[in-house]
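Student: Okay, structure incoming, though there's no sequence with it:
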């Protein structure tokens, strides 16, 4: 009996240590939050450069500058999604439900939805990068043509991956839904048969 008690205590201790190990992820998300400052510095530099050259730049240069700002903004939004959702899914719940500025999607994104949102953001960022390359296209050289070809291929891979992931999640959710429905129907049918006897 004493041996079983010791083993149980060791088991509880090990499980407690494993459960607490999730806090090792907290510095990762804090580092991503600090990376937002780096992204902000780059955004402000690009914005300042765009403002300084606004009167002498061509329309294409202005559009390229704006696309760069959009690209940086999408990257920052992706970081926020990863920080908030990742922290809530893997580390601890953020107790800010009474905060007036709390985003509606906080606390509602599980791991599957996080993957979809990440891929959607990556597709959007890839599309902006591809548009920038097309906008800055001058003379077409074989090297430039090859680079654009691979950029298009990579973008298509991202799009197909996000579509396949969305389909697989929908199929999995449909499978769980039908399994739960059939499970809930079985006791009802069984009860009907029993009452018939």
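Tutor: Alright, I've got the coordinates. Since this is a predicted model, take the numbers as computed values, not measurements.
Student: which stretch of helix or strand covers the residue nearest in space to the middle of the chain?
Tutor: The geometric centre of the chain, computed from its C-alpha atoms, lies nearest to residue 118 (C-alpha atoms, centre = their mean), at 2.7 Å. Per DSSP states H and E, residue 118 falls inside helix 111-135.
Student: hang on, the earlier thing: dump the residue contacts of the residue nearest to the centre of the chain.
Tutor: With contact set as C-beta atoms under 8 Å, 6 or more residues apart in numbering, residue 118 has these partners: 78, 81-82. Quick note: C-beta positions are derived from backbone N, CA and C, even for glycine.
Student: List just the nearest of those to residue 134.
Tutor: residue 78 (22.3 Å; C-beta to C-beta).
Student: in the helix holding residue 118, what's buried?
Tutor: Neighbour-count burial for helix 111-135, counted by 16 or more other C-beta atoms under 10 Å, picks out 114-115, 117-126, 128-129, 132-133.
Student: Let me see the ranges of the helices in this structure.
Tutor: Using DSSP state H, the helices found in the chain span residues 2-20, 26-52, 59-90, 111-135, 142-196.
Student: Can I get the ones you listed in JSON lines including distance to residue 101 and mean pLDDT?
Tutor: Shown next, in JSON lines, are the helices of the chain (distance: least, C-beta to C-beta, whole Å; pLDDT from 0 to 100):
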{"stretch": "helix 2-20", "distance to residue 101": "31", "mean pLDDT": "82"}
{"stretch": "helix 26-52", "distance to residue 101": "16", "mean pLDDT": "92"}
{"stretch": "helix 59-90", "distance to residue 101": "13", "mean pLDDT": "85"}
{"stretch": "helix 111-135", "distance to residue 101": "20", "mean pLDDT": "78"}
{"stretch": "helix 142-196", "distance to residue 101": "29", "mean pLDDT": "68"}
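Student: Off-centre distance for the helix holding residue 118?
Tutor: The chain centre lies 10 Å from the centre of helix 111-135; the measure is C-alpha atoms, centre = their mean, to the nearest Å.
Student: How far does stretch 157-164 sit from its chain's centre?
Tutor: Using C-alpha atoms, centre = their mean, the offset of stretch 157-164 from its chain centre is 14 Å.
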